[in-house]
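In: Show me the folded form of this:
(one chain, ligands or ions: 1)
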Amino acid sequence: EQRGIPKESGFDQSIGLLREGYMYIPNRRHSFQSDLFETRLLGQKAICMGGKEAAEIFYDNTKFKRSGAAPKRVQKTLFGENGVQTLDGEEHKHRKQMFMSLMSSERLEHLNNITYKHLDTMATDWEKKGQIILYEEAKKLMTRVACEWAGVPLWAKEVDKRADDLSTIIESSVSMGVNYRKGKQARNRSENWMKDLIAQVRNEERMPEEGTALYTIAWHRDLQGDLLEPDVAAVELLNILRPIVAIAIYISFTTLAVQQFPEQARKLKENGSDYYQMFVQEVRRYYPFFPFAGARVKENFTWEGFTFKKGTLTLLDLYGTNHDHRLWDNPDRFDPERFKTWEGSPFDFIPQGGGDHYLGHRCAGEWVTVRVMKVVLDYFVNRLDYQVPTQDLSFSMVSMPSIPKSGIKLTHVKKV
Ligand code: HEM
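Out: Residues are numbered from 1 along each chain as shown. Here you go, the predicted structure:
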């Protein structure tokens with residue numbers, strides 16, 4: 001017997017989604033008192049769900065698939081076409097293994113050192129300037145870091161342009177009109193840049209170091225033993241560079257947290273390295289980034305008495321699950337110490353998706369993200385003096401991705 005789940009009445013809710021942003025699913029989960037509800041989005045029936053149990057279902061590969069899940073316009077900007085995000089089954093596992101092979105502890109240590117080096121160089125420059133907009137600087141920092149780590153050559157005079165394109169791809173991910181066009185152009189330019197490099201590697205005009213993303217992706221072979229199509233290789237290399245640049249957003253939120261929560265920030269100095277880890281985890285839990293992840297029902301199945309019909313678009317509430325009061329005490333409080341007792345479930349703390357990194361679609365770059373955030377936090381707390389003048393430090397809960405409005409202006413930056 002089919003149990004009813006709450007249904008949002010009325011026509012297509014895409015506008016509601018754009019109007020309520022991160023709170024669209026949480027608001028309805030709350031008002032329907034249900035972790036599951038049905039609505040219409042992008043001209044079709046859709047299921048929205050959130051919470052730990054829902055996340056467990058969502059990351060069950062026998063129940064959900066990704067092909068046909070991401071709207072074309074998101075593929076034309078944010079994701080790119082035919083990348084790992086759209087694959088299922090063995091093909092996905094094989095491609096994902098390629099991504100995860102870039103994440104060894106040696107490669108993460110190297111990333112740590114590169115990040116420190118570029119940060120220290122840029123900080124010398126910040127000392128000479130009267131003020132900086134942190135978000136703008138962080139984008140350039142992360143472009144340098146991303147390219148060096150990935151084995152992608154970058155001329156000093158290119159940095160601004162590449163940083164602009166990579167961040168435009170991220171910032172325009174859910175835009176319409178002019179911004180959508182800008183996002184598409186930035187993606188095309190960036191993909192061409194990647195394609196040229198891949199071709200040079202394959203022609204042996206360029207020899208990137210083994211273990212770098214450029215090397216690994218250029219020479220990766222699929223399950224049939226073939227090299228990736230040039231277009232696909234370009235999308236995958238950009239799947240490394242683009243999100244590393246996106247860490248600039250988390251760098252901005254981390255600095256904002258230090259400013260907004262001085263009591264917790266003070267403990268960074270007093271306590272050891274565990275506190276840096278917890279602080280960064282809390283930044284990823286607390287601030288909005290990706291609102292949800294999307295998939296399609298693979299085969300009919302029943303959960304909680306409700307039948308999920310094959311092909312139905314299903315969104316998992318990432319932001320809302322990180323703020324679920326059944327999973328987190330006082331979820332709207334910034335409290336790094338909650339991670340002392342967190343049991344490490346792959347389904348309740350899901351800012352970068354849930355489940356298993358190797359077997360599912362959980363973010364390949366989660367360790368990269370945490371590592372970079374910790375290096376930057378440590379540098380800002382222990383190596384840098386700065387002032388935060390009066391400014392609008394608010395951030396939107398509607399525009400996605402959310403970025404602090406002022407970009408975070410800092411003055412009197414000095415190395416200590
Ligand atoms: C997938 C978030 C950084 C590479 C994802 C997903 C989310 C996410 C929500 C989708 C999960 C799903 O579909 O179930 C973030 C956030 C980041 C970040 C908030 C912070 C800046 C990174 C970094 C890298 C990266 C630094 C690479 C170095 C990927 C890849 C996928 C992915 C390759 C696709 C995985 C797959 O489909 O199997 N990320 N990510 N991300 N991310 Fe990240």
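
In: helices or strands next to the helix or strand containing Leu111 in the packing?
Out: Leu111 belongs to helix 105-128 when assigned by DSSP states H and E. Where contact means 3 or more C-beta pairs under 8 Å, 6 or more residues apart in numbering; DSSP states H and E, helix 105-128 is packed against helix 134-150, helix 366-382, strand 409-415. Placement of C-beta: from N, CA and C, glycine included.

In: Give me the buried positions along it.
Out: Within helix 105-128, the residues scored as buried using 16 or more other C-beta atoms under 10 Å are Arg107, Leu108, His110, Leu111, Ile114, Thr115, Tyr116, His118, Leu119, Ala123, Trp126.

In: Quick check: chain neighbours aside, which residue is closest to the fourth one?
Out: This means Leu111. Distances taken as C-beta to C-beta, 6 or more residues apart in numbering place Trp149 nearest to Leu111, at 5.2 Å, with adjacent residues excluded.

In: Check whether the one you found really touches Gly211, as I assumed.
Out: No: contact criterion C-beta atoms under 8 Å: Trp149 and Gly211 do not qualify, at 10.2 Å.

In: shared neighbours of the two, which are they?
Out: Arg107 (C-beta atoms under 8 Å, 6 or more residues apart in numbering).

In: wait, which of the helices and strands packed on helix 105-128 is closest to the ligand?
Out: For the helices and strands packed on helix 105-128, proximity to the ligand was assessed by C-beta to the nearest ligand atom; helix 366-382 is nearest, at 4.3 Å.

In: mean confidence score for that closest one?
Out: Averaged across helix 366-382, pLDDT comes to 98.

In: who does the helix or strand just after it touch, helix- and strand-wise?
Out: Next along the chain after helix 366-382, taking DSSP H and E as the criterion, comes strand 384-387. Where contact means 3+ C-beta pairs under 8 Å, 6+ apart, strand 384-387 is packed against strand 409-415.

In: hmm, who's touching the strand it packs on?
Out: 120, 123-124, 126-127, 129-134, 255, 383-389, 391.

In: rerun at 10 Å
Out: With C-beta atoms under 10 Å, 6 or more residues apart in numbering as the test, strand 409-415 has contacts from 120, 123-135, 137, 255, 259, 379-380, 383-393.

In: just to revisit the earlier point, just want to know which of Trp149 and Gly211 has more residues nearby.
Out: Trp149 (24 against 14; other C-beta atoms under 10 Å).

In: Provide a list of residues in contact with the more buried one.
Out: Trp149 neighbours (C-beta under 10 Å, 6+ apart): 102, 107-108, 110-111, 113-115, 212-214, 240-241, 244, 368, 372.

In: if you set the cut-off to 8 Å instead, what comes out?
Out: Contacts of Trp149 (C-beta under 8 Å, 6+ apart): Arg107, His110, Leu111, Ile114, Thr212, Ala213, Ile244.

In: So which of those reach the ligand?
Out: Ile244 (C-beta under 6 Å from any ligand atom).

In: of all the contacts of Trp149, which comes closest to the ligand?
Out: Ile244 (4.6 Å).

In: Need the pLDDT of that closest one.
Out: 98.

In: got it, and Ser175?
Out: 62.

In: Flag every residue of this protein that's near the ligand.
Out: With C-beta under 6 Å from any ligand atom as the criterion, the chain meets the ligand at residues 84-85, 96, 99, 239-240, 243-244, 246-247, 250, 289-290, 293, 318, 351-353, 361-365, 368-369.

In: taking those one by one, which sit in helices?
Out: Under the assignment DSSP state H, those contribute Lys96, Phe99, Asn239, Ile240, Pro243, Ile244, Ala246, Ile247, Tyr250, Leu318, Val368, Thr369 to helices.
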